[in-house]
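Peer 1: only geometry, no sequence info:
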C-alpha cells in the first residue's frame with residue numbers, strides 16, 4: 001500500500017497550562033538547551049529552514065535519529081517542525097498563549113498514517129504522560 005492510499009490517523013493533540021511566563025516557556029521550546037531539557041538531545045537552532053536532529057535511544061529497526069527542519073517560526077508564539085524518522089514524515093506544531101501570567105502550550109503532532117499506528121501509540125503516550133512533568137521540572141530550574 002502506498003502512503004497516499006493509507007488511511008490517515010488522528011493528530012496527537014494536547015494543551016498544557018504551565019505556571020511560567022510566556023518568554024520563559026518560549027526559551028524551553030525554542031533553544032537547543034531547552035529542548036534537550038525536556039524532550040531529546042539535539043542540534044536545534046531557532047532559524048527558519050534550519051535542519052537538525054533529535055537523538056534518542058534506538059529501538060528495534062529505529063536508529064534513534066529524528067531528522068527535523070524548522071518550517072514555521074513566529075517568536076515567541078509559534079514553532080512548526082518537520083519530524084522525520086523511522087520512515088515517517090510528520091509535523092510538530094507548538095503554540096504558546098499567555099494567560100494571566102501563565103502560559104498555555106498547545107502541541108499538535110500530525111501526519112500519522114495507518115502504517116505508523118504502533119509508533120503513534122507510543123508517541124501519544126509520551127506526549128500525554130511526560131511532557132507537562134518534564135517541562136515543569138525544566139521551567140523550575142530555569143532563571
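Peer 2: Structure received. Since we're looking at a predicted model, the values are computed, not measured.
Peer 1: what pLDDT, on average, does the top helix by length along the chain get?
Peer 2: Identified as the longest helix of the chain according to DSSP state H is helix 117-141. Mean pLDDT, helix 117-141: 95.
Peer 1: What are the contacting residues of that helix?
Peer 2: 9, 12, 14, 16, 18-20, 24-25, 28, 34, 37-39, 86, 88, 105, 107, 109, 112 (CB atoms under 8 Å, 6 or more residues apart in numbering). (Each C-beta comes from the backbone N, C-alpha and C, glycine too.)
Peer 1: buried sites along it?
Peer 2: Buried residues in helix 117-141, counted by 16 or more other CB atoms under 10 Å: 119, 120, 123, 124, 127, 131, 132, 135, 136, 138, 139.
Peer 1: Check stretch 83-92 too.
Peer 2: Quick answer for stretch 83-92 (16+ other CB under 10 Å): 83, 84, 85, 88, 90, 91, 92.
Peer 1: for stretch 70-78, same thing?
Peer 2: Along stretch 70-78, these residues count as buried under the neighbour rule (16+ other CB under 10 Å): 70, 73, 76, 78.
Peer 1: Name the nearest residue to the last one, ignoring sequence neighbours.
Peer 2: Using CB to CB, 6 or more residues apart in numbering and skipping the chain neighbours, the partner closest in space to residue 78 is residue 95 (5.3 Å).
Peer 1: okay but the one you found is in contact with residue 103, surely?
Peer 2: No. Counting by CB atoms under 8 Å, residue 95 does not reach residue 103; the two are 10.4 Å apart.
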